[in-house]
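Visitor: need a structure here:
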Amino acid sequence: MDVLHSIIAGLTIITGIAAIVWPDVMSRFTGLSMSHPRGLVEMRAGIGALFIGVGAAPWILGHPVAYQMLGIAYICIAVARFPAMIIHHSYEKSNWISLVIEVVFGSALIFPLYPGL
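Guide: Residues are numbered from 1 along each chain as shown. Coordinates of the predicted model:
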């Protein structure tokens with residue numbers, strides 16, 4: 001599991017880097033508007049830097065619980081995304097892809113719980 005957890009953390013960091021380096025590409029996937037400088041700032045800081053930070057935290061802290069925290073973050077995003085998709089009738093492919101990734105990554109990071117902690 002440690003290898004899988006590390007790969008997920010790395011993919012989280014890569015997602016953050018992509019949001020910083022290519023905000024326009026990420027905006028097309030997410031549907032967020034980059035028509036104003038504020039949108040670019042939010043894509044880079046609020047999404048990009050946050051994903052880099054939460055992805056790097058398990059590596060920096062070196063403790064298994066940090067991976068579980070990353071998993072909880074993914075599950076929380078999924079728990080917010082799914083009802084929002086229903087409420088707003090937003091069934092785009094990118095929303096479904098994101099939801100599946102969040103549930104799979106979150107579950108893989110949280111379970112199985114680490115024995116002995």
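Visitor: wait, isn't Thr30 in contact with Glu92?
Guide: No: taking contacts as Cβ atoms under 8 Å, Thr30 lies outside contact range of Glu92: 9.7 Å. (Glycine included, C-beta is placed from N, CA and C.)
Visitor: These two: who's more crowded?
Guide: When Thr30 and Glu92 are compared for neighbours, Thr30 comes out ahead with 17 against 12, by other Cβ atoms under 10 Å.
Visitor: list the contacts for Gln18?
Guide: That one is not Gln; residue 18 is Ala. Val25, Met26, Gly48 (Cβ atoms under 8 Å, 6 or more residues apart in numbering).
Visitor: so who does the last one touch?
Guide: Looking back up the chat, that one is Gly48. Gly16, Ile17, Ala18, Ala19, Ile20, Pro23.
Visitor: and stretch 29-40, average pLDDT?
Guide: Across stretch 29-40, the average pLDDT comes to 84.
Visitor: Flag every buried residue along stretch 96-112.
Guide: By neighbour count with 16 or more other Cβ atoms under 10 Å, stretch 96-112 contains the buried residues Ser98, Ile101, Glu102, Val103, Phe105, Gly106, Ala108, Leu109, Ile110.
Visitor: Adding distance to Asp2, pLDDT and secondary structure, write those residues out as TSV.
Guide: Below are the buried residues of stretch 96-112 laid out as TSV (distance: Cβ to Cβ, whole Å; pLDDT from 0 to 100; DSSP: H, G, I helix; E, B strand; the rest coil):
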residue	distance to Asp2	pLDDT	secondary structure
Ser98	25	95	helix
Ile101	20	97	helix
Glu102	21	97	helix
Val103	21	97	helix
Phe105	15	97	helix
Gly106	17	97	helix
Ala108	12	94	helix
Leu109	11	94	helix
Ile110	14	91	helix
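Visitor: Closest one to Gly62 out of those, please.
Guide: Checking the buried residues of stretch 96-112 against Gly62 with Cβ to Cβ, the nearest one is Leu109 at 15.4 Å.
Visitor: in the protein, which segments are predicted with low confidence?
Guide: 1, 112-117 (pLDDT under 70).
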